[in-house]
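# Quick one: sequence plus predicted model below, questions after.
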Amino acid sequence: MSIRLQLLIVALTTLVLPWAGCQYARELETALRDSQESALLASAGTVANALSAQPQLVFRDPDDTVPFAAGHGDWYVFALQSQPLLDGYRDDWGIAALPTPLPGAGGYSARAQLGSTGRYLYLYVEVDDTHFDPEPGNAHPERDRFDRIDLTLQHPDGTREFYFFATGAPGMIAAQSIVNGGDGEDRAVEEPRIQAFWLQTSAGYHLEARIPSSFVGSRLWIEAQDGNGKTGLDAINAPDGGRLFSMTAGLSRLLGTFIRAGTRATVVDANALRLGVAGDLGTLTAAGSDADTESWYRHMISVDTSSFPLQSAAPDRLAGHSVAAALAGQPHAEWVRGAANQELLLTAAAPIVIAGSTRGAVFLEQAGDQLLELRDRAVSRLFNLTLLATGAAFVVMFGFATWLSMRIGRLRDAAESAVSSDGKIRLDMPESASADEIGALARGFERLLARLNEHTQYLRTLGGKLSHELRTPLTIVRSSLDNLESEGLRDEQRHFVTRARDGTQRLQSILSALGAAARVEESIKQAEFVNFDLCELLRSAIGGYRDGFSKSRFTLQTPPDPCFIRGAPDLLAQLLDKLIENAVDFCPPAGMITVRLERAMGNYLLQVSNDGPPIPAALHGRLFESLFEQRQGRDDKPHFGLGLYIVRLVAEFHGGSAVADNRADGGGALFTITLPLI
Amino acid sequence: MKKLIAIVEDEPALRENYAAALARQGYSVKTYANRKTAMQAFAAHLPDLAIIDISLEDEAEGGFDLCRDLRALSAELPIIFLTARDSELDAVSGLRLGADDFLTKDVSLPHLAARVAALFRRIDALRRPDNAAAIVRRGALSIDGEKMQTTWNGTPVTLSLTEFWIVHALARNPGHVKNRQQLMDAANVVLDDNTITSHIKRVRRKFQQIDPAFDAIQTVYGMGYRWVE
């Protein structure tokens, strides 16, 4: 694995930065949420305390501590945003909640709903009664049997008045009340200020009535009845029931002064019925512009909001842990998802405690999307910054690694080519001036190469020195032998002298071989170039070799026309000598040595091949080096690895080159000398 | 009277061996280890022939200086360089300084004796009238085998002893290829191929100085040389 790759892998560790950023963002969000919770909780507590001090603003009857009970005929009055049309339908009330069944087990199934616009109280009743009993003329509700809705109002002054709604035919009607006539007879008279619309349906009938708010006190009883039975409670049988609970405009206004924008405050009574609402959650308009930044990394860090409870959608009451906890006396904050859009909401509730008992709760809601947006903005900045940092780290690491591996590569190249094929050693290394470890390595290489160079120089001159220094003692031995022979020896003594002379002869040839390269180098210095026919030289030389090496067979292939070349014929003859000697040494007995000359691409190619064993691939480039000798077997001639070195010296002196290879047929070695044409 | 040979050689064993071999041939031999003692002796009495090593004790080129000084004392005294150094440059320098022959220490004692005898014979022959029988003529070449003198178109060619014998061996049998060994035998010398080559080269150059068109000595590559007319 290259250093570059290794460093890049190391650089991967910088990816921990974005990860840490995510962790940080998550913690940040948790912290923000906690602080938002406690802030909202504190607000809820403040509002609750403020409301506790002014119970008359919260409740119609502050002294009435009995909680709302639908079973006792208590009614919740919805706040209506606009004046509904009296048409027997409640579609235009804008209230999602369904009418609640009238309490009491009567003959009917009947449901009612109350709404208020401030000036009027609206009453809506629907009764399942497939048999319509119209009101007879001059009817009396005590005696006569007909379909009717009874309504008992407690006026603001505390007096109670009984009204009933009935009609002979569906349509617009007025409420009727019973008055004691002058004749002592009770009579029904219309109350024109209470208008209603009677609608007959297939299932029964609807009644939608409008009552001026000035008529309405704190209680109201509704009953649906005809001759077959009745449903609902009346004032006589349930004097404590029929209380009205409603949102009061004053409370809403008061609440409005407490809250900030983006927060909705709701006051509920002990039964979680809404008594006042103020404020608006606000929409996600601000977040909308950044909607496209809601990017993939949000998924990496998003807190799972799907596990949050869904907010209850009931319009009249609030539900949820916060409200439940607050009504139990404990302030509580909770994250929920909105019923409509699943949007994230923070809710907090605090109990309203009056005279030691929990009478209601203040419930605050805030959109959590602000938080999300805040987090997203922070996280995206953090993310972009860390990604930028990581990218920069990658680039820097990559650059550094490239630089490093380039330097090491330079050093490696220099080390590989420090010893050139002609045995010369380059002593200077790149990077050796650097102060770091690579510089130290380069300097180490330089020291090593310097030692190697000294050693090689010594080896290179050793041959010449040896051949020179040994010559004098050898001459002493030989001249002594000459003298000894001249002294007149006995035959048995003469044998020893002859042997000694043979030994000196061999020593002599060894010394001669050792000094051969040095002599060739010297004669190259003094060589003179002449133009001559290389073919002629080859022909005459091969003739000589045929005589000299009778055990080998020679073939010569030359172009038919003369091949003139500019060079030193003696040196080229020596080159050929060495090549032929080498070929003869490796060629098996009766093998063929082929000498071939041809012109190719502006050069002469002189090829000498033999039938000997192929050259091992590892040796191809090294055969021509000085002092390179790989001969395994021993023969009577000394080998110092100089023969082919001389070949190369001569070839290069003539501006050519020498290459060793194997024959294409694999049958033997092939030496090619390239020499330039004139 | 015995001929006096002076040997100037700093290697005692070699000096004594040469002296013994030459004494055995009937020469009177005096040996010197360095240039100073040799020069002192030569100033008093010149030898008939001097054999000089090039490097003498601590003087690497002492032999050359000695040769120059000796040549100043006598223009005719035969001088042979006998040295372990075999470079072309040394041989050329030695011969240019007026030495009659340049031998490497590879030469055997009989060969050395033959050289010495040949030099003395040449000196004797020079003092006698021409002996026509000893003269070989090949076209423009004429070789006096006794005086060891060579002329080309009548102009004398100054050859060293080794060179003379090489030319002599080639010219005696024109057209015959003489290989290196034969040439060495003729010159009474053991030389390696390179040295033969450089001798031939030198011989050619000497002839070409007289006659630029000279090409009578032909190289037969891988075999040797031959004289062509």
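Yes, it's here.
# Number of residues surrounding residue A:355?
By other Cβ atoms under 10 Å in any protein chain shown, the residues close to residue A:355 number 10. (C-beta placed from N, C-alpha, C; glycine too.)
# State the distance from it to residue A:501.
To residue A:501, residue A:355 is 145 Å away according to Cβ to Cβ, to the nearest Å.
# So which residue is smack in the middle of chain B?
The residue lying closest to the centre of chain B (Cα atoms, centre = their mean) is residue B:101, at 2.3 Å.
# if I pick that one, what's in contact with it?
B:80-81, B:115, B:119, B:160-162 (Cβ atoms under 8 Å, 6 or more residues apart in numbering or on different chains).
# try 10 Å
By Cβ atoms under 10 Å, 6 or more residues apart in numbering or on different chains, the contact set of residue B:101 is B:51, B:78-82, B:91, B:94-95, B:107, B:112, B:115-116, B:118-119, B:160-165, B:187, B:189.
# Next one: stretch A:479-492, is it in contact with chain B?
Yes - residues of stretch A:479-492 contacting chain B under Cβ under 10 Å from any Cβ of the partner chain: A:479-487.
# and these, which are buried?
Among these, the ones that count as buried by 16 or more other Cβ atoms under 10 Å in any protein chain shown are A:479-485.
# Might you list the low-confidence residue ranges for chain B?
B:86, B:129-133, B:188-194 (pLDDT under 70).
# Find the nearest non-adjacent residue to whatever residue of it ends up closest to chain A, please.
Closest to chain A within chain B is residue B:222: 2.6 Å, counting by Cβ to the nearest Cβ. Nearest residue to residue B:222 in three dimensions, chain neighbours excluded: residue A:544, at 2.6 Å (Cβ to Cβ, 6 or more residues apart in numbering or on different chains).
# That neighbour and residue B:221 touch, don't they?
Yes - with contact defined as Cβ atoms under 10 Å, residue A:544 counts as touching residue B:221 (6.7 Å).
# So for the two, which residues contact both of them?
Residues touching both residue A:544 and residue B:221 by Cβ under 10 Å, 6+ apart: A:573, A:576-577.
# ok, which of those residues also contact chain B?
Applying Cβ under 10 Å from any Cβ to the shared contacts of residue A:544 and residue B:221, those adjacent to chain B are A:573, A:576-577.
# can you map out the helices along chain B?
B:12-24, B:35-44, B:62-73, B:88-96, B:109-127, B:161-172, B:180-186, B:193-210 (DSSP state H).
# where does chain A have its least confident helix or strand?
Least confident helix or strand, chain A: helix A:285-288 with a mean of 43, by mean pLDDT, DSSP states H and E.
# neighbours of residue A:418, just the number please.
Using other Cβ under 10 Å, residue A:418 has 19 neighbouring residues.
# OK, contacts around it?
If you count contacts by Cβ under 10 Å, 6+ apart, residue A:418 has them with A:424-429, A:445-446, A:448-449, A:452-453.
# Nearest to chain B among those residues?
Nearest to chain B, judged by Cβ to the nearest Cβ, of these is residue A:424 at 23.2 Å.
# can I assume residue A:251 is in contact with residue A:54?
Yes - using Cβ under 10 Å, residue A:251 makes contact with residue A:54 at a distance of 9.3 Å.
# between these two, who's got more neighbours?
Neighbour comparison, residue A:251 and residue A:54: the larger count goes to residue A:251, with 22 against 13 (by other Cβ under 10 Å).
# Let's verify the nearest residue to that one once chain neighbours are set aside: helix, strand, or coil?
Spatially, and ignoring its direct neighbours in sequence, residue A:251 is nearest to residue A:276 (3.3 Å; Cβ to Cβ, 6+ apart). Assigned by DSSP: H, G, I helix; E, B strand; the rest coil, the conformation of residue A:276 is strand.
# Could you check which helix or strand contains the residue lying closest to residue A:15 once chain neighbours are set aside?
Leaving aside its sequence neighbours, residue A:15 sits nearest to residue A:390 (Cβ to Cβ, 6+ apart; 6.1 Å). Taking DSSP states H and E as the criterion, residue A:390 maps to helix A:369-416.
# quick one: that helix to chain centroid distance?
14 Å (Cα atoms, centre = their mean, to the nearest Å).
# same for that helix, what does it pack against?
helix A:3-11, helix A:16-53, helix A:285-288, helix A:296-301, strand A:344-354, helix A:437-469 (3 or more Cβ pairs under 10 Å, 6 or more residues apart in numbering or on different chains; DSSP states H and E).
# Using a markdown table, lay out these together with distance to residue A:122 and mean neighbour count.
Below are the helices and strands packed on helix A:369-416 laid out as a markdown table (distance: least, Cβ to Cβ, whole Å; neighbours: other Cβ atoms under 10 Å in any protein chain shown):
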| stretch | distance to residue A:122 | mean neighbour count |
| --- | --- | --- |
| helix A:3-11 | 73 | 15 |
| helix A:16-53 | 27 | 17 |
| helix A:285-288 | 34 | 12 |
| helix A:296-301 | 47 | 14 |
| strand A:344-354 | 28 | 24 |
| helix A:437-469 | 92 | 15 |
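# now the stretch 1-150 of chain A, which segments are flagged as low pLDDT?
Counting by pLDDT under 70, the stretch 1-150 of chain A shows low-confidence ranges at A:60-63, A:65, A:105-107, A:139, A:141-143.
# so how far is stretch A:163-175 off the chain centroid?
For stretch A:163-175, the separation from the chain centroid amounts to 73 Å (computed by Cα atoms, centre = their mean).
# Now the terminal residues of it, how far apart.
This stretch, stretch A:163-175, spans 6 Å end to end (Cα to Cα, to the nearest Å).
# I figured the residue nearest to residue A:15 was touching residue A:20, is that so?
No - if you go by Cβ under 10 Å, residue A:390 and residue A:20 don't touch, sitting 11.3 Å apart.
# Okay, now the unreliable bits of the stretch 251-400 of chain A?
Ranges of the stretch 251-400 of chain A meeting pLDDT under 70: A:282-306, A:313-316, A:340, A:370-371.
# Setting aside sequence neighbours, what's the nearest residue to the residue of it at minimum distance from chain B?
Residue of the stretch 251-400 of chain A nearest chain B, by Cβ to the nearest Cβ: residue A:400 (57.9 Å). Distance criterion Cβ to Cβ, 6+ apart; nearest residue to residue A:400, sequence neighbours excluded, is residue A:7 at 6.8 Å.
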